[in-house]
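Engineer: Mind folding the following:
(one chain, ligands or ions: 1)
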Amino acid sequence: VGEWTDGAWSKGELRPYGPLAMMPSAQVLNYGQAAFEGMKAQRSAKGRIVLFRPDRNAARLAAGAARLSMPAVPEDVFVSAVEQTVRANEEFVPPVGKGSLYIRPLLMGSGPILGLGPAPSYTFAVYAAAVGSYFKSGQLTPIDLVVEEHFHRAAPRGMGGTKAAGNYSPVLVTQLAAKGKGYSDVVYLDAKSDTYLEEVSSCNIFAVKGRTIRTPPLAGSILPGVTRASVIELARSRGYEVKEEPIAVTEAMEADEMFTTGTAVVVSPVGSLTYKGERRQYGKPGEPTPVGLEIYTALTRLQTEQDPDPFGWVHPVV
Ligand code: PMP
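Structural biologist: All right, here's what the predicted structure looks like:
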């Protein structure tokens, strides 16, 4: 935990997991001045504990901080805080292939303010928890998605491109309704035309047709996923043509396969997509589709140092 007061960050300190004290008038509790990151530390085949591209998370949080009028956490401070958290929780990092230590860096306007304005002081906290696969069905069991027809996730020129805390409570109502109907999650459409896929509540989306892989372009309303950027490079290095271009729902329904990407979901094959009551099944029920499986395998082998890392993405901590 570190504090920003009088224009500078304090030297952070390691504390046992526990409450943070804040006034009821804390900016973040009233006006939502907060952004966060999601990262994973994993044990690798070389016997180390490694992070994946932490510089990317530092840069994304800095961009979110600028958008929310918060002081940036410098990259070296960010990475060092994450490394210290991993070292302090080394015993909780699961064995190779058995899960990971999820890490949550959180930056917020914790100081009190009554009228609308930026907080007078800020807290940067990093906490961690051991996790298994994100979807209850397991990592490689294809997920069932439904296109959300009522709400949008992000407005044009809004906050969708940042990991602002406030982006996430509006998706609960759609996600819970979809889960109640047996779906794993929802896919959002663009707010301008209701035609093109944007992303899922917590991951980016890709469509595969032959040797071409497409993912929606980052037009400001989609979160620039670290996994998304990595999968684009990885797929190109494996000979796929990857295009960042709009994907109409009707095209998604005609794709050979779909998969989603994110730190939490890794690469999750999509088993079905439902739109206006019509359900499209991809591949054989219950089995991961081939390109999704190939990319999942290549990415996780690289991340856990089972394969070489020609990109320099793996960041050893221990
Ligand atoms: N979209 C949203 C809305 C997310 O919350 C996340 C998770 N951070 C992603 C996409 C995937 O981003 P990343 O690959 O950096 O985890």
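Engineer: Using PDB, list the CA coordinates for stretch 23-36.
Structural biologist: C-alpha atoms of stretch 23-36 as PDB (Å, rounded to 0.1, in the frame of the first residue of the first chain):
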ATOM      1  CA  MET A  23     -13.900   8.700   5.400                       C
ATOM      2  CA  PRO A  24     -17.500   8.400   4.100                       C
ATOM      3  CA  SER A  25     -16.600  11.400   2.100                       C
ATOM      4  CA  ALA A  26     -13.800   9.600   0.300                       C
ATOM      5  CA  GLN A  27     -13.900  10.700  -3.300                       C
ATOM      6  CA  VAL A  28     -13.900   7.100  -4.600                       C
ATOM      7  CA  LEU A  29     -17.000   6.100  -2.500                       C
ATOM      8  CA  ASN A  30     -19.000   9.000  -3.800                       C
ATOM      9  CA  TYR A  31     -17.700   9.800  -7.300                       C
ATOM     10  CA  GLY A  32     -15.900   6.700  -8.300                       C
ATOM     11  CA  GLN A  33     -12.300   7.900  -8.900                       C
ATOM     12  CA  ALA A  34     -10.700   4.500  -9.200                       C
ATOM     13  CA  ALA A  35      -9.100   2.300 -11.800                       C
ATOM     14  CA  PHE A  36      -7.500  -1.200 -11.400                       C
END
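Engineer: Can you pull the residues of the stretch 201-318 of the chain lying near the ligand?
Structural biologist: Contact residues, the stretch 201-318 of the chain versus the ligand (Cβ under 6 Å from any ligand atom): Ser202, Cys203, Asn204, Leu223, Gly225, Val226, Thr227, Arg228, Thr261, Gly262, Thr263. Any C-beta I mention is one placed from the backbone N, CA and C, and that applies to glycine too.
Engineer: The second one: neighbour count?
Structural biologist: With neighbours defined by other Cβ atoms under 10 Å, the count for Cys203 comes to 25.
Engineer: just checking, it touches Met258?
Structural biologist: No. Taking contacts as Cβ atoms under 8 Å, Cys203 lies outside contact range of Met258: 11.4 Å.
Engineer: quick one: contacts for the residue of the stretch 1-150 of the chain found nearest the ligand?
Structural biologist: The stretch 1-150 of the chain approaches the ligand most closely through Gly38 (4.7 Å), counting by Cβ to the nearest ligand atom. For Gly38, the contact set (Cβ atoms under 8 Å, 6 or more residues apart in numbering) comprises Asn57, Tyr102, Ile103, Arg104, Lys163, Gly262, Thr263, Ala264.
Engineer: Any of those buried? List them.
Structural biologist: Neighbour counting by 16 or more other Cβ atoms under 10 Å classes Asn57, Tyr102, Ile103, Lys163, Gly262, Thr263, Ala264 among the contacts of Gly38 as buried.
Engineer: Give the bridge partners for the closest residue to the fifth one other than its chain neighbours, please.
Structural biologist: Excluding the flanking residues, the one nearest Gly262 by Cβ to Cβ, 6 or more residues apart in numbering is Cys203, at 3.4 Å. The residues listed as beta-bridge partners of Cys203 by DSSP bridges are Val200.
Engineer: Show me the strands in the stretch 101-250 of the chain, by range?
Structural biologist: 122-131, 143-147, 185-189, 197-200, 204-209, 212-215, 241-244 (DSSP state E, counting those that start in this stretch).
Engineer: does any part of the second one sit near the ligand?
Structural biologist: No. For a cut-off given as Cβ under 6 Å from any ligand atom, strand 143-147 has no contacts with the ligand; the smallest distance is 13.6 Å.
Engineer: and that strand with strand 185-189, angle?
Structural biologist: Between strand 143-147 and strand 185-189, the angle comes out at 40 degrees (axes from the mean of the first three to the mean of the last three Cα atoms, to 10 degrees).
Engineer: mind starting the numbering at 37 from now?
Structural biologist: Noted, 37 is the first residue going forward, which turns the last one into strand 179-183.
Engineer: what about the helices in the stretch 37-186 of the chain?
Structural biologist: According to DSSP state H, counting those that start in this stretch, the stretch 37-186 of the chain carries its helices in the segments 63-67, 90-103, 111-124.
Engineer: where does Ala98 land on pLDDT?
Structural biologist: The model reports Ala98 with a pLDDT of 98.
Engineer: Would you check that it makes contact with Ala108?
Structural biologist: Yes. Ala98 lies in contact with Ala108 (Cβ under 8 Å); the separation is 4.3 Å.
Engineer: So what sits opposite Val162 in the bridge?
Structural biologist: Residues in beta-bridge contact with Val162 (DSSP bridges): Pro141.
Engineer: and it, what does it touch?
Structural biologist: Residues in contact with Val162 (Cβ under 8 Å, 6+ apart) are Val37, Ala117, Val118, Gln120, Thr121, Ile139, Arg140, Pro141, Leu142.
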